[in-house]
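A.B. asks: need the 3D shape of this:
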Amino acid sequence: MNPAREENEMAWVYLVFAGLLEIVWAVGLKYAQGFTKPVPSAITVVAMLGSLWLLALALKQIPLGTGYAVWVGIGAVGTAILGIVLFGESAAWPRLACIALICAGIVGLKLWSE
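C.D. replies: Sure thing, here's the model as predicted:
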């Protein structure tokens, strides 16, 4: 396999894991209750740092606009889904349709990225 292609693929792996850690820290903010709970606060901060570090690694290869939008999209979709599952937030069809549109945007950005 081509080394440049391998680097690009690894950048996408970093980006996916950065997005997953974004979900962890976003949900962690809820459990940390304004950083008043030590363990959830520590998990949140570690996840934030890891997410940003992996995003930075990914952006060495992936265009800024694409990388940032995919990172935020993964975080938004995952956080919205966990909000429904963990906190009983609305699962009304218009909300789910909007989440699906974000997913479509993430896939589109990956398919048509440089």
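
A.B. asks: contacting residues for the spatially most central residue of the chain?
C.D. replies: Central residue of the chain (Cα atoms, centre = their mean): Gly19, 2.2 Å from the mean position. Remark: with contacts taken as Cβ atoms under 8 Å, 6 or more residues apart in numbering, Gly19 is in contact with Ser51, Val70, Trp71, Gly73, Ile74, Gly75, Gly78. C-beta coordinates here come from the backbone N, C-alpha and C atoms, glycine included.

A.B. asks: swap in Ala18?
C.D. replies: Applying Cβ under 8 Å, 6+ apart to Ala18 gives the contacts Gly50, Ser51, Leu52, Trp53, Leu54, Leu55, Ala58, Trp71, Ile74.

A.B. asks: now swap in Ile81 and tell me
C.D. replies: With Cβ under 8 Å, 6+ apart, Ile81 has these contacts: Ile99.

A.B. asks: quick one: it from Val27, how far?
C.D. replies: Ile81 sits 10 Å away from Val27, going by Cβ to Cβ, to the nearest Å.

A.B. asks: and for Arg5?
C.D. replies: From Arg5 across to Val27, the span is 34 Å (Cβ to Cβ).

A.B. asks: just Phe35 next, same as before
C.D. replies: In this view, Phe35 and Val27 are 14 Å apart by Cβ to Cβ.

A.B. asks: kindly list the longest helix within this protein.
C.D. replies: Identified as the longest helix of the chain according to DSSP state H is helix 3-32.

A.B. asks: what about Phe35 and Val27, which has more around it?
C.D. replies: Val27 (21 against 13; other Cβ atoms under 10 Å).

A.B. asks: what helix or strand is the nearest residue to the more buried one once chain neighbours are set aside on?
C.D. replies: Residue nearest to Val27 in three dimensions, not counting chain neighbours: Leu82, with 5.3 Å by Cβ to Cβ, 6 or more residues apart in numbering. Secondary structure assignment for Leu82, by DSSP states H and E: helix 64-87.
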